[in-house]
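> Take a look and give me a structure for this.
(one chain, ligands or ions: 1)
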Amino acid sequence: MNTLDEMLQMACNAMDKAYVPYSGFRVGAVIKAQSGKLYAGCNVENAAYPTGSCAEQGAISAMILGGDTKIQEIVVMGNGENLVSPCGACRQRIREFATADTIIHICDRNGIRKSMTLDELLPVSFGPENLKC
Ligand code: THU
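I've put the predicted structure just below:
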C-alpha cells in the first residue's frame with residue numbers, strides 16, 4: 001500500500017473512532033510528518049459543546065508527542081455533499097507546523113475530493129515568523 005492509501009485507510013479508521021454524540025458528524029485526520037511517520041486524530045465532542053476538539057487537533061497532538069514538528073501533508077476526511085475542509089481554527093493550527101506548500105487533501109471515504117496547499121487554504125497567514133521583529 002502506498003503512503004497516501006495508508007493515510008486514507010487510517011483516516012477511515014479514525015472516523016470510525018470519532019466521539020460525536022452531539023453532531024453525529026465524524027471527522028478523521030492523518031498527518032504525514034517530515035520524518036515520514038503518520039499520525040491520526042478524530043473529533044471528540046463534549047456535553048459542554050465548545051470544549052469539543054477537532055480531528056486535526058488530535059492528529060497534531062499525536063504528532064508533537066511522536067517527536068515531529070513539520071507537517072508534509074494532511075488528509076482530512078468526513079461525510080457529506082460539501083467538502084469537509086478544515087475549520088478556520090484548524091487552518092491556523094495546521095499553519096503553525098506547515099509551509100506554504102504543505103498539501104491538505106480533503107477527502108471522503110471514497111478518497112481524495114480536492115487537494116490544496118496551505119497557502120490556498122489560508123492566504124496571507126500569520127505564523128511563527130511574524131513574531132520575529
Ligand atoms: N470538525 C472537525 O473535526 N474538523 C474540522 O475541521 C471541522 C469540524 C468537527 C467538530 C465537530 O465535532 C464536528 O466536526 C461538527 O462541527
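> residue contacts, Gly78?
Each residue near Gly78 by C-beta atoms under 8 Å, 6 or more residues apart in numbering is listed here: 15, 25-28, 84, 108. Just so you know, the C-beta spots here come from the backbone N, C-alpha and C atoms, and that holds for glycine as well.
> Just checking, which helix or strand succeeds the helix ranked longest in the chain along the chain?
Across the chain, the longest stretch assigned as helix under DSSP state H is helix 3-17. Going down the chain from helix 3-17, the next helix or strand is strand 27-33, by DSSP states H and E.
> What strands flank that following strand, and is each parallel or antiparallel?
Applying DSSP bridges, strand 27-33 is found paired with strand 38-42 (antiparallel), strand 71-78 (antiparallel).
> Let me have these in a markdown table, extended by mean pLDDT and distance to the ligand.
Output for the strands paired with strand 27-33, formatted as a markdown table (pLDDT from 0 to 100; distance: least, C-beta to the nearest ligand atom, whole Å):
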| stretch | mean pLDDT | distance to the ligand |
| --- | --- | --- |
| strand 38-42 | 99 | 8 |
| strand 71-78 | 98 | 6 |
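> rewinding a little: same question for the longest helix of the chain, mean pLDDT?
Average pLDDT, helix 3-17: 98.
> buried ones in that helix?
Applying a neighbour-count criterion of 16 or more other C-beta atoms under 10 Å, one finds 4, 7-8, 10-12, 14-15 buried in helix 3-17.
> For the residue nearest the centre of the chain, which non-adjacent residue is spatially closest?
In the chain, the residue lying closest to the centroid (C-alpha atoms, centre = their mean) is Glu56, at 3.5 Å. Distances taken as C-beta to C-beta, 6 or more residues apart in numbering place Cys90 nearest to Glu56, at 4.1 Å, with adjacent residues excluded.
> For that neighbour, give me its contacts.
Here Cys90 is in contact with 54, 56-57 (criterion: C-beta under 8 Å, 6+ apart).
> so can I have TSV of the buried residues of helix 3-17 showing distance to Ser115?
Shown next, in TSV, are those (distance: C-beta to C-beta, whole Å):
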residue	distance to Ser115
Leu4	10
Met7	12
Leu8	12
Met10	17
Ala11	14
Cys12	18
Ala14	19
Met15	19
